[in-house]
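In: Give me a model of this one.
(3 chains)
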Amino acid sequence: MTPVVEGLIAALLIMGGSFGLIGSFGLLKLRQPMQRLHAPTKATTIGVGAALFASALGLALLGHGIAWQEILVSVFLFLTAPLSALYLAKTHLLRSIDRRELPPSGTGAPWATLAQQGSQVSPSKN
Amino acid sequence: MILSPVLSVALTFALGCFALALVLNLIRLFTAPTLTDRILTIDTMTVNTIALVVLLALRTGSALTVEIALLFALTGFVSTVAFCKHLLRGSIIE
Amino acid sequence: MKRVLPHPVLSVTLALLWLLLANRWTLGSLLMALILATLIPLLSAQWWPDRPQVRRPLALVGYILLVVRDVIVASFQVARIILFLPADRIRSAWITVPLDLTQPEAISLLAGTITMTPGTLTADLSSDGRALLVHALHAPDPKAIRDEIKTRYEARLKRIFA
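Out: As a prediction, the model looks like this:
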């Protein structure tokens, strides 16, 4: 392994570890539930992305060939992170947000999650 | 597997970070004020576990663990969405 | 042709995905890739009523690169806010972003982009599909963020999708 690539992998590992830790720390530190959604979607995703990239690079250099699965895992995580965040935000909107806090949509129609509320089966509390 | 000292230190640091992140997640899981927070924490724990598994692959030099990471990524996402769907609609499959 | 392969792009993506997943370039995995690439689009055809119309595929690649760059910058910003800003000084805000885009694919791409980039997160769509509800982690000036979303991302997406 050349020193340059080794340094790159080490930098990716340190960056990935730090971001993973920051994401989980943010989850603990931030006060409002909506703020807490921000920490894992960005920091943790980039942290795990860096870790995956470092691991794929390291395994390739050690003669295992290119681990395409690792790249697929990171692509998959990047594609699904916004979707999980959207679903969590919608759940939160429905369950615990005071709707007077929200701005109007400006189009005359209500926000989709709140509009469905009439028909939804109310789940058990917490 | 033999890694150079620099890489070995960096790898240990990253493993330590993600392990500590999981501990923080556990604390959050037990102190979470709302159900949404708990789902979010479990989602984050899945992602942190994926990171641990792939770093372990680098340490042991075996590419086999990558498949574990893949399964974690798939089931983690589907279960988060299923939990949320259940809370949003009262059912998972429409 | 149209009946055997109703969705050619999806078929190619699936075949490639299977080959990468198997990570073995043998005849067997190629055969399995071909089987999956024909079966899955056929079985799921009823959930693909319209095809997204991408007018400029090259511009889409440029857009993806821009988003990847922004995601990395965004994570540094979020990390700084989490680490150094005291919790009571974080000014979160709800922002309404009126949409000019009409294609569902373009809107979901925009929503995903907003979630992954600087301190913003898509929370909901209005029920008529003409506005997005965005939550900003730290927004001293919500109007500036709304304008940035509209000029930086939505304008580009409008050019990419017909």
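In: CA atoms for contacts and neighbours, from now on please.
Out: OK.
In: Which residues of chain B lie near chain C?
Out: Proximity of chain B to chain C (Cα under 8 Å from any Cα of the partner chain) involves no residue at all.
In: residues near the closest residue to chain A within chain B, how many?
Out: Nearest residue of chain B to chain A: B:A14, at 4.2 Å (Cα to the nearest Cα). By other Cα atoms under 10 Å in any protein chain shown, the residues close to B:A14 number 28.
In: Likewise for B:V23?
Out: 14.
In: Report the contact partners of it.
Out: By Cα atoms under 8 Å, 6 or more residues apart in numbering or on different chains, the contact list for B:V23 is empty.
In: Kindly state the pLDDT recorded for it?
Out: With respect to pLDDT, B:V23 has a value of 94.
In: In which helix or strand does C:L132 reside?
Out: strand C:131-136 (DSSP states H and E).
In: thinking again about what came up before, how far away is the residue of chain B closest to chain A from B:L52?
Out: Distance of B:A14 to B:L52, computed by Cα to Cα, to the nearest Å: 9 Å.
In: ok, back up a step: mind listing what's buried along whatever helix or strand comes next after the strand holding C:L132?
Out: Remark: after strand C:131-136, the chain's next helix or strand is helix C:142-148, criterion DSSP H and E. Going by neighbour count (16 or more other Cα atoms under 10 Å in any protein chain shown), the buried part of helix C:142-148 is C:142, C:145-146.
In: and if you look at stretch B:30-42?
Out: Those would be B:32, B:35-42, for stretch B:30-42 by 16+ other Cα under 10 Å.
In: Could I get the full set of helices for the chain?
Out: In the absence of a named chain, this looks at chain A. A:3-29, A:33-39, A:45-59, A:68-96, A:112-115 (DSSP state H).
In: oops, I was thinking of chain B
Out: B:5-31, B:35-60, B:65-89.
In: Please identify the most buried of those helices.
Out: Among the helices of chain B, helix B:35-60 has the highest mean neighbour count (mean count of other Cα atoms under 10 Å in any protein chain shown), at a mean of 23.
In: So for that helix, mean pLDDT?
Out: On average, helix B:35-60 scores 89.
In: Please see if that helix touches chain A.
Out: Yes. Contact of helix B:35-60 with chain A (Cα under 8 Å from any Cα) involves B:35-37, B:39-41, B:44, B:47-48, B:50-51, B:54-55, B:57-58.
In: nearest spatial neighbour of A:F19, skipping sequence neighbours?
Out: A:G47 (4.6 Å; Cα to Cα, 6 or more residues apart in numbering or on different chains).
In: give me every residue that touches the one you found.
Out: A:15-20.
In: Model confidence score at the residue most central in space within chain A, please.
Out: Central residue of chain A (Cα atoms, centre = their mean): A:T41, 2.3 Å from the mean position. According to the prediction, A:T41 has pLDDT 82.
In: Quick check: closest non-adjacent residue to it.
Out: Nearest to A:T41 is A:A81, by Cα to Cα, 6+ apart, at 5.9 Å.
In: Quick check: residues of chain A near chain C?
Out: So chain A meets chain C at A:19, A:22-23, A:25-26, A:29-31, A:34-35, A:38-39, A:41-43, A:46, A:67-69, A:72, A:82-83, A:85-86, A:89-90, A:93, A:102-107, A:109-113, A:115 (Cα under 8 Å from any Cα).
In: what's the neighbour count on the residue of chain A found nearest chain B?
Out: Closest contact between chain A and chain B, by Cα to the nearest Cα, is at A:G17 (4.2 Å). When counting by other Cα under 10 Å, one arrives at 32 neighbours for A:G17.
In: what residues are up against it?
Out: Listed by Cα under 8 Å, 6+ apart, the contact partners of A:G17 are A:47-48, A:51, B:13-18.
In: now it: how far from B:L58?
Out: According to Cα to Cα, A:G17 stands 14 Å off from B:L58.
In: same deal with C:S29?
Out: Using Cα to Cα, C:S29 is found at 26 Å from B:L58.
In: of the helices of chain A, which approaches B:T80 most closely?
Out: Closest approach to B:T80 among those (Cα to Cα): helix A:68-96, 6.5 Å.
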